[in-house]
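*Asks:* turn this into a structure:
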Amino acid sequence: MVPVIAKKYLMLIIILAILIGAFLLSFKINGNPWERRSFKKDVESYIKSKYPDIEIKNQKVSYSFKEMKYRSLIVTDSDVYFLVWLDYNDHFVDNYYVSTWEQQAGHQISRKLQKVVNLSAPITLKISLNNEQMVPFKDLNSFTQFKDRMHDKVQLIVNYSEREISDDLLKEGFKVVEWITSQNYGMQIVFMFKGEKSIQVKEEDLHKIRVWKDLSKYIM
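*Replies:* Numbering: from 1, shown residues only. The predicted structure is shown next:
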């Protein structure tokens with residue numbers, strides 16, 4: 001009887017150890033719920049202090065196992081989304097101004113391209129500045145005002161990532177380049193294709209794209 005009972009206790013200890021190990025591993029990978037809840041509240045206080053006019057519609061907290069830090073994706077009542085995280089000195093930082101400009105200017109350009117080109121792919125605008133560098137531009141009303149001062153920091157991404165490179169897409173891409181050039185929107189243009197292929201045209205090379213076949217010179 002004693003060996004049987006001892007065996008049952010051993011199995012119980014093993015199962016308990018596995019459960020505790022899984023629990024601790026989950027904490028290590030995903031963070032723990034108490035810290036996550038505390039981080040969320042701290043983010044709310046940070047935003048209220050820095051951006052008193054912003055109303056948070058939604059906040060999603062995630063955890064980076066690599067950095068062992070939390071970050072929040074914020075969605076405002078005006079549907080602007082941006083990130084808040086802790087830097088290496090454990091100070092809160094965010095990309096509100098950068099994200100706002102990327103979304104607003106991106107929507108402006110996308111609407112215009114749809115009318116002129118009938119673009120068959122979504123676009124994304126990327127601005128290579130941090131939030132503090134964007135502060136001087138936060139009150140500008142149009143992308144034209146911004147691009148005149150920081151055009152070399154802007155990248156337009158046309159996402160064909162589910163489609164192979166073809167003559168039809170090159171022709172459509174050429175129309176995008178033509179329109180961007182006609183508007184004097186100096187920026188790098190990147191076309192993403194299936195199989196991790198891309199076409200990347202730097203701002204200074206836009207004028208070299210004379211016909212649609214010229215884009216094939218920039219395939220990477």
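
*Asks:* need the three-state assignment for the nearest residue to Ile209 once chain neighbours are set aside.
*Replies:* What sits nearest to Ile209 in space, not counting adjacent residues and going by CB to CB, 6 or more residues apart in numbering, is Val177, at 4.8 Å. C-beta coordinates here come from the backbone N, C-alpha and C atoms, glycine included. Secondary structure assignment for Val177 (DSSP: H, G, I helix; E, B strand; the rest coil): helix.

*Asks:* so where's the chain shaky on pLDDT?
*Replies:* 1-10, 12, 15-31, 141-148, 151 (pLDDT under 70).

*Asks:* how about the strands of it, start to end?
*Replies:* 56-64, 69-76, 81-86, 92-94, 123-127, 154-160, 188-193, 198-201 (DSSP state E).

*Asks:* quick one, which of the ones you listed gets closest to Glu35.
*Replies:* Glu35 lies closest, by CB to CB, to one member of those: strand 69-76, at 7.0 Å.

*Asks:* quick one: strands adjacent to the closest one?
*Replies:* strand 56-64 (antiparallel), strand 81-86 (antiparallel) (DSSP bridges).

*Asks:* contacts for it?
*Replies:* Outside strand 69-76, the residues within contact range by CB atoms under 8 Å, 6 or more residues apart in numbering are 31, 35-36, 39-40, 43, 47, 54-64, 81-86, 94.

*Asks:* which of the residues you listed count as buried?
*Replies:* 31, 39, 43, 47, 54, 59, 61, 63, 82-86, 94 (16 or more other CB atoms under 10 Å).

*Asks:* what is the nearest of the residues you listed to Gly186?
*Replies:* Phe82 (25.4 Å).

*Asks:* still on that earlier bit, want to throw the strands of the chain into a markdown table with distance to Ser216?
*Replies:* Below are the strands of the chain laid out as a markdown table (distance: least, CB to CB, whole Å):
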| stretch | distance to Ser216 |
| --- | --- |
| strand 56-64 | 39 |
| strand 69-76 | 38 |
| strand 81-86 | 36 |
| strand 92-94 | 40 |
| strand 123-127 | 21 |
| strand 154-160 | 14 |
| strand 188-193 | 11 |
| strand 198-201 | 8 |
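
*Asks:* looking at these, which is closest to Lys217?
*Replies:* Using CB to CB, the nearest of the strands of the chain to Lys217 is strand 198-201, at 8.9 Å.

*Asks:* all helices of the protein, in order?
*Replies:* Remark: helices assigned in the chain by DSSP state H are 2-30, 33-50, 96-117, 131-134, 143-150, 167-182.

*Asks:* now the last one and strand 123-127, what's the angle there?
*Replies:* So that's helix 167-182. 40 degrees (axes from the mean of the first three to the mean of the last three CA atoms, to 10 degrees).

*Asks:* do you know how far the nearest residue to Glu162 once chain neighbours are set aside is from Glu164?
*Replies:* Leaving aside its sequence neighbours, Glu162 sits nearest to Lys194 (CB to CB, 6+ apart; 6.0 Å). As judged by CB to CB, to the nearest Å, Lys194 and Glu164 stand 5 Å apart.

*Asks:* what do you get for Glu203?
*Replies:* From Glu203 to Glu164 the distance is 27 Å (CB to CB).

*Asks:* flag every buried residue along stretch 169-186.
*Replies:* Buried-residue list, stretch 169-186, by 16+ other CB under 10 Å: Leu169, Leu170, Glu172, Gly173, Phe174, Val176, Val177, Glu178, Trp179, Ile180, Tyr185, Gly186.
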